[in-house]
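Need a 3D model of the sequence below.
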Amino acid sequence: MTLIALHSASDESSALTAAVLADHAVDALLAEACLTPKPALVDRRGSGAHRDLDLARMTRSAHALRPTFAALATAALGERASQALRERLALIGRRGEAAMLSATGGSNAHRGAIWVLGLLAAAAAMPAGDGNAATGSDETAQQICERICMSAAQIAAFPDRFAPPVESHGLRVARRFSVGGAREQARAGFPHVCEIGLPALRAARAAGHHENVAQLDTLMAIMATLADTCLLHRGGLAALHAGQRGARRVLDLGGVSSTAGFAALLALDTQLLALNASPGGAADLLAATLFIDRIACRGGHRRPDCSVDNNAYCNPSRNPHQEAQPQWNI
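The predicted model follows:
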């Protein structure tokens, strides 16, 4: 049985399709939130650089967004990228933001993730030729990623004519520092997901690393080259450069699985906390990578390294250097 029903499927199958995609999106958000230790981000240790967020709020937000992701996928079933679809999805996304804020008591836990994962969930539900994730047995995870992200780019190319006049922090920062931001990342087909995130995740698994380590290395790979508007908003160019250089150093020292790389990760955490800045954009793209990975795993080209249950990402992971770094004892 394929993940996505064909365009001629029954309404019951289509509803199940939307539910599956919504589950994958929520799982990806929970996986990102639970991943520990992340530099200056909310994780199992605490709130990072965020005074108004913690793991409990992130978890409530993720679960509250399940109906939103299901509605986004349902709206795109059988559709092609168009102005009307773009604006329909935007309206659903804005309602999702309201649900998120209600669940968190007004804290912005996942506004960027609603945009990223919402687009990808819609793109994954579209018919063949526009990103249908009904995988064939000979389709690779990379091909699935490229196809879904291309469809997301086609949707993002249309403007939202009914967007509220108030600009987000990300849009203001993107204009001030002349960087692309989340909107351009989508319009380009999410290159940090398909070209960096997914290859890094699969390479780390192929090297035999624990899932927790593989995901942390993937986050570092995304951070190393991303012009993260969250870092820019909270700490300017100093924070962006610290995040990029620190992530590159972790990878250059052998990644999180090495003692030196793990120490560099903790040093990056300390540095970004001192700057009161966190790489929220990279975290959203990590969640997007995990979302695409789950689609590829559940489709016709299922791989052995994906044979984990929906909650496995959030199980406590042993510190790979617990004896050397007792301060991370979770």
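
Output the below-cut-off pLDDT ranges for the stretch 1-150 of the chain.
Where the stretch 1-150 of the chain drops to pLDDT under 70, the residues are 1-16, 128-138.

What are the boundaries of the helices in it?
11-34, 55-64, 66-76, 83-104, 111-125, 141-156 (DSSP state H, counting those that start in this stretch).

For the fifth one, output the C-alpha coordinates as CSV.
Listed in CSV are the C-alpha atoms of helix 111-125, where the atom choice follows Å, rounded to 0.1, in the frame of the first residue of the first chain:
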residue,chain,number,x,y,z
ARG,A,111,5.2,29.9,13.0
GLY,A,112,8.1,29.2,10.6
ALA,A,113,7.5,25.5,10.8
ILE,A,114,3.8,26.0,9.8
TRP,A,115,5.1,27.7,6.6
VAL,A,116,7.8,25.1,5.8
LEU,A,117,6.0,21.9,6.8
GLY,A,118,2.6,23.2,5.7
LEU,A,119,3.9,23.7,2.1
LEU,A,120,5.6,20.3,2.1
ALA,A,121,2.5,18.6,3.4
ALA,A,122,0.4,20.2,0.7
ALA,A,123,3.0,19.4,-2.0
ALA,A,124,3.1,15.8,-0.9
ALA,A,125,-0.6,15.5,-1.4
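
packing partners for it?
Packing partners of helix 111-125 (3 or more Cβ pairs under 8 Å, 6 or more residues apart in numbering; DSSP states H and E): helix 11-34, helix 66-76, helix 83-104, helix 141-156, helix 181-187, helix 280-298. (Each C-beta comes from the backbone N, C-alpha and C, glycine too.)

Burial-wise, tell me which of the helices of the stretch 1-150 of the chain comes out on top.
Mean neighbours per residue, mean count of other Cβ atoms under 10 Å, is largest over those for helix 111-125, with a mean of 27.

With Arg183 as the reference, name the closest of the helices of the stretch 1-150 of the chain.
helix 141-156 (6.8 Å; Cβ to Cβ).

circling back to that earlier point, columns distance to Asp52 on top of the helices and strands packed on helix 111-125, output as a markdown table?
Listed next are the helices and strands packed on helix 111-125 as a markdown table, based on distance: least, Cβ to Cβ, whole Å:
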| stretch | distance to Asp52 |
| --- | --- |
| helix 11-34 | 15 |
| helix 66-76 | 21 |
| helix 83-104 | 8 |
| helix 141-156 | 28 |
| helix 181-187 | 20 |
| helix 280-298 | 13 |
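
mind listing what the closest residue to His50 other than its chain neighbours touches?
In space, and not counting its chain neighbours, His50 is closest to Val42: 5.7 Å by Cβ to Cβ, 6 or more residues apart in numbering. Residues near Val42 by Cβ atoms under 8 Å, 6 or more residues apart in numbering: Ala33, Gly48, His50, Leu53, Asp54, Leu55, Met58.

pLDDT score for Ala203?
Confidence at Ala203, expressed as pLDDT, is 96.

now swap in Ile292 and tell me
96.

That one and Ile148 touch, don't they?
Yes - look at Ile292 against Ile148 with Cβ atoms under 8 Å: they come within range, at 6.4 Å.

anything in contact with each of these two?
Leu120.

how about low-confidence regions in the stretch 201-330 of the chain?
298-330.

Show the residue spans covered by the helices in it.
211-225, 229-252, 259-274, 280-298.
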